[in-house]
Each structure stands twice: as structure tokens, then as C-alpha cells.
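A.B. asks: just a sequence and a predicted model for now, questions to come.
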Amino acid sequence: MKDTARAIELVGKTAILEFKLLDEDSPLASKLPGVIPSSEEDKVMKEFGDKVTEGDEILFGRHFNQETGVETKTVYLMKKQTLMTGEFLTEARVSLNQRANEPYVSISFDSTGAKIFEQVTANNKKKRLAIILDSNVYSAPVIQEKIAGGNAQISGSFTMQEARDLAIVLRSGSLPAPLTMLQNVTVGPSLGSDSIKAGINAGLVAALIVIVFMVVYYKMSGLIADFALVLNIIFLIGVLSAFNATLTLPGIAGIILAIGMAVDSNVLMFERIREELRLGKTPKAAIDSGYDKAFWTIFDSHVTTLITAVVLFQFGTGPIKGFAVTLGWGVFINLFTALIGTKTIFDLITDKREVKRISI
């Protein structure tokens with residue numbers, strides 16, 4: 001968002017998201033007009049306001065026709081009891097209805113909210129559940145069946161901009177308290193781009209230094225380790241591309257750390273192989289024994305790091321999650337490239353002919 005003043009205005013609104021049932025069994029519900037011009041809201045309240053029972057209230061849903069430019073409002077007789085609020089909301093994002101080519105806002109609840117939402121839908125089948133934001137009814141769908149999983153959507157003939165604004169307001173509305181602006185700092189796109197480029201350059205330099213070191217110190221075996229390292233990076237970038245992930249500075253840091261762990265795995269195995277060679281074993285026996293003895297050490301360290309990455313992803317925020325994703329996938333892929341990829345190359349070399357000496 002380029003307009004900072006508008007961003008502050010949107011985030012500063014603490015939206016109240018509520019889920020309530022329509023009272024369609026009340027005699028008054030059939031007397032209310034369905035759709036009215038936007039200007040007649042006060043007229044409806046004057047005519048029917050004093051007839052509403054204590055447990056009910058009249059609310060309106062706004063509808064804007066983009067073709068005609070006319071705004072209308074739908075009149076609802078609502079039960080006052082709030083079945084659920086936005087405090088359990090964990091995500092609000094804009095999606096596109098491919099069939100209607102209209103944007104809508106999909107929302108997700110935490111585990112507690114998912115259970116409440118499931119119970120609400122299970123106990124009120126065939127009734128209309130209104131999705132209300134700041135006393136404005138955005139949607140009132142019929143509950144056809146119990147909805148599990150904690151996911152829902154808000155649709156209301158939005159423009160893309162309206163849907164984006166609603167998602168921003170909903171995300172701020174899930175906070176337990178209103179926001180107070182203490183500092184306003186604007187980071188331009190050129191600064192962010194420079195930081196990403198610097199991070200990528202740092203990663204490339206680090207990878208290059210590691211590749212050179214492995215070749216100098218472990219000779220031909222170092223080349224095999226470098227091949228596995230390049231394979232690791234290619235697979236990791238492929239996974240990130242498959243998930244349409246955005247590369248951020250924390251994500252780049254995770255990739256660099258994964259590169260370090262990949263090299264560490266190969267160092268452990270190569271040093272084990274050297275020990276076996278010093279004991280007088282043949283190259284093939286030394287390789288097999290070295291990999292067997294280093295396997296559980298490497299496996300345990302990677303699993304421990306993977307658990308850490310899962311915890312960071314589960315409880316961290318945006319930048320931390322980016323770091324956790326790249327680190328987690330990097331560790332997972334390295335288990336394959338280090339333990340299986342390099343071993344396969346060594347096996348291809350030693351199985352084709354009798355090798356009396358290996359360069360390590």
C-alpha cells in the first residue's frame with residue numbers, strides 16, 4: 001500500500017466481527033421490507049424500531065451495484081446474542097471466486113474458534129447465520145450442514161479494493177485492543193530491493209567460499225559434496241517456487257544456514273571415512289562404514305533443527321515464519337542430498353571398478 005495515511009486509517013479501525021442468527025420465526029420478520037434504497041434506513045427504523053422485541057435488533061446489509069452505481073440495503077431481523085466474535089480470527093485474506101469473477105475475503109479461526117464455529121453450525125442447521133462487521137451485515141448464508149475446519153468466507157459484491165480494505169480491517173479487528181500509533185516509518189521499495197539483493201549476494205559469496213573450501217580440503221570428494229550442495233539449493237528454490245513463496249531477508253538467512261548444515265553433514269561423513277581408511281580398510285568398506293557411523297549423528301541433528309523450525313513457524317510472525325520455512329525445507333532436503341545423494345555417487349564410482357584409493 002502506497003498511501004500511508006490511508007493505511008493508518010484502516011489499521012486504526014478496530015473492527016467488531018460478530019456471528020449472529022437471524023430471527024426468521026418472529027412475526028415481525030415477515031413484515032420488514034426486503035431491500036430498500038440506502039436513504040430509507042431511518043424510515044424503516046422509525047416504523048419498526050419500537051416493534052422489535054428485547055432479544056432482537058434490526059440490522060442492515062449494504063449492497064452496491066457497480067453497473068448502475070446505486071446503493072441499496074437489505075433489512076434483517078437479528079437475534080442480539082452473539083454466537084462468536086473475531087477474537088478467534090487468525091487469518092483474513094482476499095481470494096477470487098473464479099466462477100463469478102468476484103473477490104471475497106476468506107477467514108480462518110484458531111483451534112478454539114474452529115470448535116465453537118463447528119458447534120454453532122451443528123446446532124443451527126437450516127438457519128441463517130449472519131456475518132456482521134461493525135453492525136453491517138456482509139452475508140447471511142443458510143447453514144446447510146456442520147462446518148468443521150475453522151474456515152469461512154465473507155462475500156458481498158466487493159470490488160478488489162474493498163475486499164483488500166476489509167481484509168486489513170479484519171486483521172486489525174482480531175486484536176484484543178485498539179491500535180495506538182507510536183511511530184510511523186516508511187520503507188521505500190528501492191531500500192527493500194537493495195536489502196534483498198545484498199542478502200542474495202551474501203548467500204552466493206558464502207556458497208562460493210564453501211565450494212572452494214570443500215574442493216581444496218577434500219579434493220574429489222569435495223566435488224561430490226559440492227554437487228550435493230548445488231542440488232540442495234536447486235531443490236530448495238524449486239520447493240519455494242512451487243508454493244509461490246516470496247524470498248525475504250529472513251528467508252535468505254534460512255537458506256544460508258541450510259547450506260552450512262549441508263556442509264557440516266558432509267564434513268562429518270568425510271572425517272569418518274578418513275578414520276576408516278587409516279584403519280586399513282578398502283575405499284568401499286571405508287565409505288560404507290563412514291556413512292553408517294555418521295548416519296544417526298546427522299539424522300539426530302537435522303531432526304532437532306527441523307523441530308525448531310516447526311516451532312518457529314507455528315508461534316512466530318511473518319519474518320520468523322519465512323526463516324522457519326526455508327530452514328525447515330533446507331534441512332529436510334539436505335537429509336536426502338547428504339545421506340542418499342552423495343552415497344549414491346560414491347557407490348557408482350566404487351561398484352563399476354575396483355578402487356584402491358579415493359581422493360579425500
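C.D. replies: Cool, the structure landed.

A.B. asks: so which strand or helix has residue 58?
C.D. replies: For residue 58, the host element (DSSP states H and E) is strand 56-64.

A.B. asks: can you tell me what sits against the next helix or strand after that strand?
C.D. replies: As assigned by DSSP H and E, the chain's next helix or strand after strand 56-64 is strand 71-79. Applying C-beta atoms under 8 Å, 6 or more residues apart in numbering, the external contacts of strand 71-79 come out as 20-24, 26, 28-29, 32-38, 40-41, 44, 52, 55-65, 130, 132, 137, 140. Just so you know, the C-beta spots here come from the backbone N, C-alpha and C atoms, and that holds for glycine as well.

A.B. asks: swap the cut-off to 6 Å and go again
C.D. replies: By C-beta atoms under 6 Å, 6 or more residues apart in numbering, the surrounding residues in contact with strand 71-79 are 20-23, 26, 28-29, 32-33, 35-36, 38, 41, 44, 56-57, 59-64, 137.

A.B. asks: same check, this time on stretch 118-131
C.D. replies: Contacts of stretch 118-131 (C-beta under 6 Å, 6+ apart): 19-22, 83, 137-140, 142-143, 146-148, 154.

A.B. asks: one more: stretch 25-33?
C.D. replies: Residues outside stretch 25-33 that contact it (C-beta under 6 Å, 6+ apart): 51, 75, 77.

A.B. asks: with adjacent residues omitted, what lies nearest to the last one?
C.D. replies: Taking C-beta to C-beta, 6 or more residues apart in numbering, and ignoring the residues beside it in sequence, residue 77 has residue 29 as its nearest neighbour in space, at 4.5 Å.

A.B. asks: could you measure from that neighbour over to residue 21?
C.D. replies: Here residue 29 is placed at a distance of 12 Å from residue 21 (C-beta to C-beta, to the nearest Å).

A.B. asks: show me the two of the contacts of stretch 118-131 that sit farthest apart.
C.D. replies: Using C-beta to C-beta, the pair of the contacts of stretch 118-131 lying farthest apart is 137 and 148, separated by 24.4 Å.

A.B. asks: the residue lying closest to residue 269 once chain neighbours are set aside: neighbour count?
C.D. replies: Distance criterion C-beta to C-beta, 6+ apart; nearest residue to residue 269, sequence neighbours excluded, is residue 294 at 4.5 Å. Using other C-beta atoms under 10 Å, residue 294 is surrounded by 21 other residues.

A.B. asks: re earlier: inside helices: which ones of the contacts of stretch 118-131?
C.D. replies: Among the contacts of stretch 118-131, DSSP state H puts none in helices.

A.B. asks: please list only the buried members of the contacts of strand 71-79.
C.D. replies: Neighbour-count burial (16 or more other C-beta atoms under 10 Å) is assigned, among the contacts of strand 71-79, to 20-23, 26, 32, 36, 44, 56-57, 59-61, 137.

A.B. asks: now the two most distant members of these.
C.D. replies: Pairwise distances among these were taken by C-beta to C-beta; the largest, 22.0 Å, belongs to 21 and 36.
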